[in-house]
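>>> Turn this into a model:
(2 chains)
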Amino acid sequence: QQPVQSPQAVILREGEDAVINCSSSKALYSVHWYRQKHGEAPVFLMILLKGGEQKGHEKISASFNEKKQQSSLYLTASQLSYSGTYFCGTLDNTGNQFYFGTGTSLTVIP
Amino acid sequence: NAGVTQTPKFQVLKTGQSMTLQCAQDMNHNSMYWYRQDPGMGLRLIYYSASEGTTDKGEVPNGYNVSRLNKREFSLRLESAAPSQTSVYFCASSQQGSPGSSYEQYFGPGTRLTVT
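Presented below is the predicted three-dimensional model:
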């Protein structure tokens, strides 16, 4: 029931791009993305609702493919401030089950 | 505007002791949530309150109780702490709805709890 995120960890140099994937075994209504810096609280990035929309937030965007039950987070031209752990959260079509994934650790180095 | 506040920030308990974690929000949100975060496990929902006067179990409710004291405050109680409850506890709030609704969640700074 918990969505699976890949990769588990990634190291980038400043300016490089990354993709983080989130897959579920259930039909989904929504996907949420959060970023958590070490020792801090998670911070909201974006929500994608059923309908296959794509959203953007500065240089971070995401897509939601409801047929494949998966979402991808795209980070372009990464900055040092992008470092942290990224979590997806998925709500199934019944609207009753919401789970966070185990996270993807992203480290951006100079 | 403090957002979501939690007390205490750190706590050490002995097995069998009880304690209450406090959470308050000043954003006039209807919904509040309690999560625990363990290494490699992500965030797991313990309990939530979709509106004042209602509470519902989440994924890992055993060993915990909650009280929605009023619209602002949502407390989490450990009646008899166990080492397995060593974790970081986050409170969150959102405008309305159950977890995963169309509204973003705002998280508090967390409480780091160790049970020995």
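>>> what sits against residue 2?
Answering for chain A, as no chain was given. A:99-102, B:42 (C-beta atoms under 8 Å, 6 or more residues apart in numbering or on different chains). For every residue, glycine as well, the C-beta is placed using N, CA and C.
>>> think we crossed wires, I meant chain B
Shown in contact with B:A2 (C-beta under 8 Å, 6+ apart): B:D26.
>>> phi, psi of B:S84?
Main-chain dihedrals, B:S84, degrees, to the nearest 10: phi -70, psi -10.
>>> What number of residues are in the vicinity of it?
Each residue near B:S84 was counted by other C-beta atoms under 10 Å in any protein chain shown, and the total is 10.
>>> now the one 3 residues further on
Other residues lying near B:S87 total 21 when counted by other C-beta under 10 Å.
>>> One more: A:N96?
11.
>>> Now it: closest residue in space, sequence neighbours ignored.
Counting by C-beta to C-beta, 6 or more residues apart in numbering or on different chains, B:S98 is the residue found nearest to A:N96 once chain neighbours are left out, at 7.5 Å.
>>> thinking again about what came up before, need the max-distance pair from the contacts of A:Q2.
Spatially, the most separated pair among those is A:Y99 and A:T102, at 10.0 Å (C-beta to C-beta).
>>> re earlier: part of a helix, is the residue nearest to A:N96?
No - counting by DSSP: H, G, I helix; E, B strand; the rest coil, B:S98 is located in no helix; its state is coil.
>>> Surely it and B:D56 touch.
Yes - B:S98 lies in contact with B:D56 (C-beta atoms under 8 Å); the separation is 7.4 Å.
>>> outside of stretch B:34-50, which residues touch it?
Stretch B:34-50 is contacted from outside by A:2, A:42, A:87, A:89, A:98-103, B:21, B:23, B:30-33, B:55-61, B:64, B:66, B:68, B:74, B:76, B:85, B:87-92, B:96-99, B:110, using C-beta under 8 Å, 6+ apart.
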